[in-house]
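**Q** whatever this is, show me its structure:
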Amino acid sequence: LFVVYLVFGITVYYSFGETTNGLIFENMSGNLVAVTKVFHSLAILFSIPVKLWPAFEAIELTVIGQNWEYTEKANHLPSRITSVIIRLMVLAATGAVAILVPDFAFLVAFCGSFCISLVGLVLPPLMYILLSNSDANEFREDKKLSVLNLVFHWFLFVVGVAVCSGSSASILIAKFSQ
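**A** Purely as a prediction, here's the structure:
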């Protein structure tokens, strides 16, 4: 999948160069684009509950102590009201970000560079090191990593931190130097 994205990105860049806007719809015009924007907006609107479900679960677990839908008291009114209020507040917060952030392309670029680097490059080697050396690791007989393995994963972690910091900093510098 990475190779497909890479080839597509390089092809588009060489075709259009620096003249392409960050928001792809700003590069097009016409009725077909307007219809596409409407359907894109509807897809986003109807997929929000699925995307926010983990946030709802985590916040409700913290605030209520459990998710009201999975309890024996699923009809317990105070828990349901609290859950609805929490969900409305999360939706309002995401709506406020969408309204208050004028440069959405910057937001997507920064979140992409920071979060994807963090999840894809920084956390995996760190979690591997921590979980492999954990006392709770009952699946390994030799519970400790070899020195070479440990050095290699710490190297991957440092490279991941450097890539995450560098890519995020370059996007911030490019944005605020304008």
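**Q** helix or strand with the lowest mean pLDDT in the protein?
**A** Least confident helix or strand, the chain: helix 2-16 with a mean of 81, by mean pLDDT, DSSP states H and E.
**Q** give me the contacts around that helix.
**A** 20, 27 (C-beta atoms under 8 Å, 6 or more residues apart in numbering). The C-beta positions use only the backbone N, C-alpha and C, and glycine is treated the same way.
**Q** could you do stretch 44-58 as well?
**A** 67, 83, 86-87, 90-91, 94.
**Q** assign the spatially most central residue of the chain to helix, strand or coil.
**A** Nearest to the mean C-alpha position of the chain, counting by C-alpha atoms, centre = their mean, stands residue 115 at 5.4 Å. Put simply, residue 115 is helix when judged by DSSP: H, G, I helix; E, B strand; the rest coil.
**Q** where does the protein dip in pLDDT?
**A** The chain contains residues with pLDDT under 70 at 1, 22-23, 66-78, 134-143.
**Q** tell me where it has helices.
**A** Secondary structure of the chain (DSSP state H): helices at 2-16, 31-63, 77-100, 104-111, 117, 123-132, 147-176.
**Q** the third one vs helix 31-63, what angle?
**A** What it means is helix 77-100. 140 degrees (axes from the mean of the first three to the mean of the last three C-alpha atoms, to 10 degrees).
**Q** figure out how far helix 77-100 is from the centre of its chain.
**A** Averaging C-alpha positions (C-alpha atoms, centre = their mean, to the nearest Å) puts helix 77-100 19 Å from its chain's average.
**Q** ok so, going back, as a markdown table, the helices of the chain with mean neighbour count and distance to residue 24 would be great.
**A** Formatted as a markdown table, the helices of the chain follow (neighbours: other C-beta atoms under 10 Å; distance: least, C-beta to C-beta, whole Å):
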| stretch | mean neighbour count | distance to residue 24 |
| --- | --- | --- |
| helix 2-16 | 9 | 9 |
| helix 31-63 | 11 | 10 |
| helix 77-100 | 12 | 18 |
| helix 104-111 | 14 | 10 |
| helix 117 | 20 | 23 |
| helix 123-132 | 15 | 30 |
| helix 147-176 | 14 | 18 |
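**Q** give the contact list for residue 90.
**A** Applying C-beta under 8 Å, 6+ apart, the residues near residue 90 are 52, 55-56, 59.
**Q** next one: it relative to residue 53, how far apart?
**A** Per C-beta to C-beta, to the nearest Å, residue 90 is found 10 Å from residue 53.
**Q** then residue 6?
**A** Separation of residue 6 from residue 53 (C-beta to C-beta): 31 Å.
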